[in-house]
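A.B. asks: Just a sequence and a predicted model for now, questions to come.
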Amino acid sequence: MSLQEQFRDSLKPAMKSRDADRIGAIRILIGEFQRQREKNLSDEQVIAIIKKLIKSEKELLAAAGKETSGFLRVMEGYLPQQATEEEVRAWIEENIDFTSFPNKMQAMKPIMNNFGSTVDGNVVKKVLQNID
């Protein structure tokens, strides 16, 4: 079952439990799914939508001077387990030869390809900047 189908199926149980934050988040996600050109989205596309919504919510919260919201907590819970800086650093040390790149930042593509949606690009950038 794809992530898109799982969200559609999780709306009814959220409504029965009267979890307003979860209901709102699922309805927003389903609305975003329906706005896409393709009606059947891959899991990567669904995760990209979730990340976009999280980024937007963080910007709104920052503008309002708030730290977090119920919507943000629910949306972050839907993301796959994110790789830590230590995991990224260990993989880079084992697999990346920086002599094959004109500068360190050009190694982002193979790193991001390896980790996919389980790592934030800002985490990779921070690790690369701190590598000697």
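C.D. replies: Sure thing, it's come through.
A.B. asks: Would you map out the domains in this structure?
C.D. replies: The chain breaks down by automatic domain parsing into domains covering 3-78, 85-130.
A.B. asks: can you redo those domains as CSV with mean pLDDT and mean neighbour count?
C.D. replies: In this view, the C-beta of every residue, glycine as well, is placed from N, C-alpha and C. Putting these into CSV (pLDDT from 0 to 100; neighbours: other CB atoms under 10 Å) gives the following:
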stretch, mean pLDDT, mean neighbour count
domain 3-78, 90, 14
domain 85-130, 86, 14
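A.B. asks: which residues does residue 126 contact?
C.D. replies: Residue 126 makes contact with residue 85, according to CB atoms under 8 Å, 6 or more residues apart in numbering.
A.B. asks: what about it, helix or strand, and which?
C.D. replies: Taking DSSP states H and E as the definition, residue 126 sits inside helix 121-130.
A.B. asks: can you give me the angle the lengthiest helix in the chain makes with helix 121-130?
C.D. replies: If you go by DSSP state H, the chain has its longest helix at helix 43-64. For helix 43-64 against helix 121-130, the angle by axes from the mean of the first three to the mean of the last three CA atoms, to 10 degrees is 80 degrees.
A.B. asks: what's helix 43-64 in contact with?
C.D. replies: With contact meaning CB under 8 Å, 6+ apart, helix 43-64 is reached by 2-4, 7, 28-29, 32-33, 36, 38, 41, 67-69, 71-72, 75-76, 78-80, 116-117.
A.B. asks: again, but for stretch 7-16
C.D. replies: The set of residues external to stretch 7-16 that reach it, using CB under 8 Å, 6+ apart, is 1, 22-23, 26-27, 29-30, 33, 46, 78.
A.B. asks: Make TSV out of the residues you listed and add distance to residue 102.
C.D. replies: Converted to TSV, those look like this (distance: CB to CB, whole Å):
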residue	distance to residue 102
1	44
22	47
23	50
26	45
27	47
29	40
30	44
33	40
46	35
78	37
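A.B. asks: Using TSV, lay out the residues you listed together with secondary structure and distance to residue 62.
C.D. replies: As requested, these are exported to TSV (DSSP: H, G, I helix; E, B strand; the rest coil; distance: CB to CB, whole Å):
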residue	secondary structure	distance to residue 62
1	coil	35
22	helix	23
23	helix	25
26	helix	24
27	helix	24
29	helix	22
30	helix	26
33	helix	26
46	helix	25
78	helix	21
